[in-house]
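In: My questions concern the predicted model and sequence given below.
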Amino acid sequence: MEWTRVSGILLHPTSFPGRYGIGDLGDHALRFVDWLAAAGVQLWQTLAIGPTGYADSPYASFSAFAGNHMLISPDCLLEQGDLVAEDVANIPPFPSERVDFGNVIAFKTNLLRSAAQRFFAGASSARRDAFEQFCHDNRRWLDDFALFMAVKAEHNLVAWDHWETDIALRQPKALIRWRDTLTDQIRFHKYAQYQFFTQWNALRRYANERHVKILGDIPIFVAHDSADVWSHRELFYLDERGGPTQVAGVPPDYFSATGQRWGNPLYRWDLLKEQGYVWWIDRVRHAFALVDILRIDHFRGFEAFWEIPASEPTAVVGRWVKGPGADLFLALQSALGELPIIAEDLGVVTPEVVALREQFNLPGMKVLQFAFDSDATNPYLPFNLDRDCVIYTGTHDNNTTRGWFEAQSEEIKHKVRLYLGSDCHDIAWDLIRLAFASVADIAVIPLQDLLNLGIEGRMNLPGEPSGNWQWRFPTGVLTEELARRIKEMIDIYGRYGLKRDKVGNVGDWLTHTIMP
């Protein structure tokens, strides 16, 4: 993938304002796209958009294919007639600055059930036909997902390997019995997915028409408690009951004496290869039906991954095991063509990981908050960058730039001031300017840094089991003045969104939107 001089904003849809307790795909999302277009910003980066599981994390999803039904806009359902005014007459007093996931999930699930009942009782034949077509087109993953979610609800949401043995192991008679028993619940989950994909696709079209591309995200691993593992047990290292025998993580390093034990089951790459990597091809094809560019989290795991025995409580005991490497990406390329993929290659990266990324011309990631803790050889300093990368002030796992700077030692602060030639009183915009001025083809800025927020704007603190993913911004902060300030940066540093072809010519990729 070869881009040059593009700018983007990182913002997850849950962070939009609105009266339903969580951001959604409705009017505030459309207004955000309008604001991006007015500012001349060409990319909108989101986090993973699957249905969230453990700790409300977008990276612990119940499905690698389904959408997060909590993002469905009730206002759009009102316009369609699936909801009526009395359904939303008594909205709880949700906090405006964060997502109260427990109460939001309960409230919106009830709303969606009311909408589904009204849809199945009285939707027009055209809408029913569209629903049936959606179910048919997505049956390879949707049937298993809807059944999984329905059975999970019947088991008080416990993990699938704690269900009765017959349904946990998908014995044919059990599958038939549960499908017959939970017909209405299964149909509800299919309706919710139909609405999510309808609204998401409408939002993406709206963005593309305004010359804004969506940069999506998928994690390399999937959650054990997911429809994917339950319905494809053979593709993962599991015991006879379905529990993982080896799990993913990273070994001890400078940041953690015990490493990180993520707990995701590891792929049986040997079997995936025998099958022509069909599951992965389906997954990536499905992702590109939703987004224009794709970031793959923990890219280094394709070259080698840290294998931890599931019985180990930490990541100290483990070993490096070779991943599929180029073989997988050759299969993806053969099936899907050019791969507009960004490789998340942060952390300790070996020459083999770099070679794999470069073989397929995949931009890596550089984070400015990591640039000042050593000397001039630091690979994140702008003068050490190559063009073929994505530069960030910080990511969703980092503190905000202001919060980061305020937490640094006086030694680091002095080094930053010397590097920037600034007193750093406006440190967030100092690093935004540094990112935009860099040679990196793509510069992406978290919205929290544009808003100059402190630690209160942090999205995720890795290792913390709760309290993450909750940040929301209030209405009224996406001002014309802020858009003009960004557009000024785009003009100064030439981030108009152009694409280089293989012979080095430059052609229009995105129309440069001039703010009125």
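Out: In hand now; what should we look at?
In: Need the three-state assignment for Val33.
Out: Following DSSP: H, G, I helix; E, B strand; the rest coil, the label given to Val33 is helix.
In: Per-residue pLDDT of it, please?
Out: Confidence per residue is given as pLDDT, and for Val33 that number is 98.
In: Without its sequence neighbours, what residue ends up closest to it?
Out: Using C-beta to C-beta, 6 or more residues apart in numbering and skipping the chain neighbours, the partner closest in space to Val33 is Ala207 (4.8 Å). Quick note: C-beta positions are derived from backbone N, CA and C, even for glycine.
In: Just the element for that neighbour, please.
Out: In this structure, Ala207 is located in helix 183-209 according to DSSP states H and E.
In: Which neighbouring elements make contact with the next helix or strand after that helix?
Out: Beyond helix 183-209 on the C-terminal side, the first helix or strand identified by DSSP H and E is strand 213-219. Applying 3 or more C-beta pairs under 8 Å, 6 or more residues apart in numbering; DSSP states H and E, one finds that strand 213-219 makes contact with strand 43-45, helix 183-209, helix 278-288, strand 293-297.
In: In a markdown table: the ones you listed, plus mean neighbour count.
Out: Formatted as a markdown table, those follow (neighbours: other C-beta atoms under 10 Å):
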| stretch | mean neighbour count |
| --- | --- |
| strand 43-45 | 25 |
| helix 183-209 | 19 |
| helix 278-288 | 17 |
| strand 293-297 | 21 |
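In: Tabulate the ones you listed (TSV), appending mean pLDDT.
Out: Formatted as TSV, the helices and strands packed on strand 213-219 follow (pLDDT from 0 to 100):
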stretch	mean pLDDT
strand 43-45	98
helix 183-209	98
helix 278-288	98
strand 293-297	97
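In: Which of the three states applies to Trp306?
Out: strand.
In: What count of nearby residues applies to it?
Out: Counted with other C-beta atoms under 10 Å, residues neighbouring Trp306 total 22.
In: which residues does it bridge with?
Out: According to DSSP bridges, the partner residues bridging Trp306 are Gly249, Trp320.
In: OK, contacts around it?
Out: Ala248, Gly249, Val250, Pro251, Gly259, Ala315, Gly318, Arg319, Trp320, Val321 (C-beta atoms under 8 Å, 6 or more residues apart in numbering).
In: Would you map the helices across the stretch 351-500 of the chain?
Out: Counting by DSSP state H, counting those that start in this stretch, one finds helices in the stretch 351-500 of the chain at the ranges 351-359, 401-406, 410-420, 427-437, 447-450, 480-493.
In: for the helices and strands packed on strand 213-219, which one sits closest to Met489?
Out: strand 43-45 (14.3 Å; C-beta to C-beta).
In: Show me what that closest one is in contact with.
Out: Residues outside strand 43-45 that contact it (C-beta under 8 Å, 6+ apart) are 6-11, 32-33, 36, 207, 212-217, 293, 295, 442, 444.
In: Mind doing that once more with 7 Å?
Out: Strand 43-45 is touched from outside by 6-11, 36, 207, 212-215, 444, with contacts defined as C-beta atoms under 7 Å, 6 or more residues apart in numbering.
In: and what of stretch 373-382?
Out: By C-beta under 7 Å, 6+ apart, the residues outside stretch 373-382 that reach it are Lys366, Val367, Leu368, Phe370, Ala371, Asn384, Ile412, Leu434, Ser438.
In: what about the fifth one, distance to Lys415?
Out: Applying C-beta to C-beta, to the nearest Å, the value for Ala371 to Lys415 is 10 Å.
In: can I assume the residue nearest to Val33 is in contact with Asp34?
Out: No: between Ala207 and Asp34 there is no contact, the gap being 9.7 Å when judged by C-beta atoms under 7 Å.
In: okay, the helices and strands packed on strand 213-219 in JSON lines with distance to Thr401 next?
Out: Compiled in JSON lines, these are given as follows (distance: least, C-beta to C-beta, whole Å):
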{"stretch": "strand 43-45", "distance to Thr401": "16"}
{"stretch": "helix 183-209", "distance to Thr401": "26"}
{"stretch": "helix 278-288", "distance to Thr401": "29"}
{"stretch": "strand 293-297", "distance to Thr401": "20"}
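In: between those, which one is nearest to Arg495?
Out: Within the helices and strands packed on strand 213-219, the stretch nearest Arg495 is strand 43-45; the backing value is 10.0 Å (C-beta to C-beta).
In: can you tell me the average pLDDT over the next helix or strand after the closest one?
Out: Heading C-terminal from strand 43-45, the first helix or strand you meet, by DSSP H and E, is helix 74-80. Predicted confidence along helix 74-80 averages 98 (mean pLDDT).
In: Likewise for stretch 84-92?
Out: Here the mean pLDDT over stretch 84-92 is 97, rounded to a whole number.
In: What of stretch 407-420?
Out: The predicted model assigns stretch 407-420 a mean pLDDT of 97.
In: One more: stretch 326-335?
Out: Mean predicted lDDT for stretch 326-335 stands at 98.
In: what does that stretch contact?
Out: When contacts are defined by C-beta under 7 Å, 6+ apart, stretch 326-335 is touched by residues Lys273, Gly276, Tyr277, Trp280, Ile281, Val284, Phe302, Leu339, Leu356, Gln359, Phe360.
In: Kindly report the same for stretch 106-119.
Out: Here stretch 106-119 has contacts from 20-21, 69-70, 72, 74, 77, 82-83, 87, 92, 188, 191-192, using C-beta under 7 Å, 6+ apart.
In: If you rank the residues you listed by neighbours, which is first?
Out: Ranked by neighbours (other C-beta under 10 Å), the contacts of stretch 106-119 are led by Ile72, which has 27 neighbours.
In: For Gly325, see how far away the closest residue to it other than its chain neighbours is.
Out: Nearest residue to Ile72, sequence neighbours excluded (C-beta to C-beta, 6+ apart): Gln195, at 5.1 Å. Note on Gln195: its distance to Gly325, by C-beta to C-beta, is 39 Å.
In: that older thread, which one of the helices and strands packed on strand 213-219 lies closest to Phe405?
Out: Between Phe405 and these, the shortest separation by C-beta to C-beta is 22.4 Å, and it involves strand 43-45.
In: Give the pairing partners of the closest one; include direction for each.
Out: Applying DSSP bridges to the sheet, strand 43-45 is found paired with strand 6-10 (parallel), strand 213-219 (parallel).
In: can you give me the strands for the stretch 251-400 of the chain?
Out: Assigned by DSSP state E, counting those that start in this stretch, the strands in the stretch 251-400 of the chain fall at 260-265, 293-297, 304-309, 319-322, 341-343, 364-367, 389-392.
In: okay, those, which one's buried deepest?
Out: strand 389-392 (a mean of 26; mean count of other C-beta atoms under 10 Å).
In: List of residues touching that strand?
Out: In contact with strand 389-392 (C-beta under 7 Å, 6+ apart) are residues 342, 363-368, 385, 435, 438, 440-444.
In: Now for the contacts of stretch 106-119: which two are most distant?
Out: With distances taken as C-beta to C-beta, the most widely separated pair in the contacts of stretch 106-119 is Pro92 and Tyr191, at 23.3 Å.
In: Look at Gly242 and tell me its secondary structure.
Out: coil.
In: Make sure it is actually in contact with Glu234.
Out: No: Gly242 is not in contact with Glu234 according to C-beta under 7 Å; the separation is 11.3 Å.
In: Quick check on these two: which one has the bigger neighbour count.
Out: Between Gly242 and Glu234, Gly242 has the larger neighbour count (other C-beta under 10 Å), namely 21 against 9.
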